[in-house]
Structures are given as structure tokens and as C-alpha cells.
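**Q** Sequence plus predicted model, see below.
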Amino acid sequence: MSREENRKIESGVFDEYTKKTIYKLQNKGYFDTLDFPISTGKEADVYRGTTRDEEHVAVKIYRIETSNFKDMKKYLAFDPRFDEVRNNKRGIVKQWCKKEYKNLRDANEAGVRCPKPIKAINNVLVMEYIGREDGSPAPLLKDVEVEKPKKVIKKIEEYIDTLYDEAELIHSDLSEFNILIQDQEPVLIDMGQAVSTKHPQAEEFLERDRDNLEKISKQSKFK
Ligand SMILES: Nc1ncnc2c1ncn2[C@@H]1O[C@H](COP(=O)(O)OP(=O)(O)O)[C@@H](O)[C@H]1O
Ligand SMILES: [Mg+2]
């Protein structure tokens, strides 16, 4: 852990429960240091981590206090894999984190390019780091111009279909903020809210993802 991040943990930026979870993951060897925050959001912070073997991982730490539980419950409900949506904050965030782990696993198995999940404990998810040669994180689709924009759009379209047909999942928050570009290829991220195709609002979410992609494809940089 860098001195700065260590201080952050000690100074109480993370609550006791989160600190314990981070220590547990470190003790089990999933990462050794938290290097720097890649992103701080309303629901989660994402850090680059490094293992003892000098491999990078992405560490997504869900916030217990400020997460939007009403929304989370909406996406957790009706999912046959999570029948018992618990009513306390920790329980919900823990399930949410596990849900993102499983969604990433199922998407990967179906052949959709997204970070490979490594481990989820409580509110912390460790996954494959999507980075560049120099160790910096891969940029968001919204911030780059790709060499072959049409090809990238087509690939994302294919991923929406493969997710639906093979993994029986709908991303449900697809946008240029949740797609990274690594080696000119799209990588889908942020799968916590992805729902089963059996969800009562499945078709609505699918349509929204498709609309979002269409809007992206209409931007001048994709023509
Ligand atoms: N596996 C990863 N590898 C590299 N960067 C990542 C990874 N996952 C997330 N990020 C970065 O962290 C940001 C937030 O992650 P995301 O999963 O979208 O969480 P949020 O719920 O805050 O939107 C992303 O926009 C991306 O820049
Ligand atoms: Mg996101």
C-alpha cells in the first residue's frame, strides 16, 4: 500500500468493516498494495492494486453508507440467483458485489470481453486490471477516438447480443462511461446492475442499452 493510501485507510476514509475486508484480501494474497484511485464514484471507488508478483488488479470498493439502496433492490429483486434480498445495508451491498462478480464471470464465459473477476469479499471486488503498457488505466470510450469506430460499435452490438443469448444477462447501464478501450478493442465494465433476462423489466433495460449504443454511434467521431 502506498503511504498515502495507507494513511487514508488508517485515517478512516474506509469504515472498519471495509478496512477488515481489505486486510483479509491482502492476507490472502489477492493484492499487496492499493496504488492509487482510478475513480471515485457515488457508489464505489476503484483502485489499481498490485500483487506481490507485481501484477496489477482493479479493486472496486463499494461504499456502505452512501450507496443507493432503493435502486440496488430494484435490480436485485426478481433475479432468481438472489432470492433473498436482505434488508440491511451491508447485506445488500455484499450481495450487489457478489452479483457483479457473477455477472462478470458469466459474461466472460459467454465470450464477452470484460474484466475477469478474481474475488469478492463483502463490499470489495478484485478483478482483472484493464490497463495500458505503462500501467495506467485504459481510457473510457467517451474520451478516445478509436481507429476503426464502426468496428468498435459492431463489436459492442455483438456483446449485447451474446450477453443476452449466452449469458442470459442485460448490462442495463451501457454507456460510453462503462466501456473501456484497450488495444483498440471495447471492454465492458460496471456490471453490478446487469440483470437476468427473466427480470420483469428485462426488455425495457435491453432497449435502453440498444438506444444508448445507437446514440453513441451517431456521434461524429463514430462516423
Ligand atoms: N477492471 C478495471 N480496470 C481498469 N479500470 C477500471 C476497471 N473497472 C473500473 N475501472 C475504472 O473505474 C471507473 C469506475 O468503475 P465502474 O465499474 O464504472 O464504477 P461506477 O459504479 O463508479 O461507475 C471506470 O470508469 C474506469 O475508469
Ligand atoms: Mg460506471
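**A** Perfect, thanks for sending it. Numbers count the residues shown, from 1 in each chain. Ligands and ions are numbered 1, 2, ... in the order given.
**Q** sec struct for residue 190, please.
**A** Three-state call for residue 190 (DSSP: H, G, I helix; E, B strand; the rest coil): coil.
**Q** mind showing which ranges of this protein have poor pLDDT?
**A** The model of the chain has pLDDT under 70 over residues 1-12, 66-67, 69-70, 77-87.
**Q** Centre-most residue in it?
**A** In the chain, the centroid-proximal residue (C-alpha atoms, centre = their mean) is residue 190; its distance is 2.8 Å.
**Q** Would you pull up how far the lengthiest helix in the chain lies from the middle of the chain?
**A** Longest helix in the chain, counting residues (DSSP state H): helix 89-110. Averaging C-alpha positions (C-alpha atoms, centre = their mean, to the nearest Å) puts helix 89-110 9 Å from its chain's average.
**Q** For it, list the C-alpha coordinates in PDB.
**A** The C-alpha trace of helix 89-110 is given here as PDB (Å, rounded to 0.1, in the frame of the first residue of the first chain):
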ATOM      1  CA  LYS A  89     -27.100  -2.000   4.100                       C
ATOM      2  CA  ARG A  90     -24.200  -4.400   4.500                       C
ATOM      3  CA  GLY A  91     -26.200  -7.300   3.300                       C
ATOM      4  CA  ILE A  92     -27.400  -5.500   0.200                       C
ATOM      5  CA  VAL A  93     -24.000  -4.200  -0.700                       C
ATOM      6  CA  LYS A  94     -22.400  -7.600  -0.200                       C
ATOM      7  CA  GLN A  95     -24.900  -9.200  -2.500                       C
ATOM      8  CA  TRP A  96     -24.500  -6.400  -5.000                       C
ATOM      9  CA  CYS A  97     -20.800  -7.000  -5.000                       C
ATOM     10  CA  LYS A  98     -21.300 -10.700  -5.400                       C
ATOM     11  CA  LYS A  99     -23.700 -10.100  -8.200                       C
ATOM     12  CA  GLU A 100     -21.200  -8.000 -10.100                       C
ATOM     13  CA  TYR A 101     -18.700 -10.900  -9.600                       C
ATOM     14  CA  LYS A 102     -21.100 -13.400 -11.000                       C
ATOM     15  CA  ASN A 103     -22.200 -11.200 -13.900                       C
ATOM     16  CA  LEU A 104     -18.600 -10.600 -14.900                       C
ATOM     17  CA  ARG A 105     -17.900 -14.300 -14.700                       C
ATOM     18  CA  ASP A 106     -20.900 -15.300 -16.700                       C
ATOM     19  CA  ALA A 107     -20.200 -12.600 -19.300                       C
ATOM     20  CA  ASN A 108     -16.600 -13.800 -19.600                       C
ATOM     21  CA  GLU A 109     -17.700 -17.400 -20.000                       C
ATOM     22  CA  ALA A 110     -20.100 -16.300 -22.800                       C
END
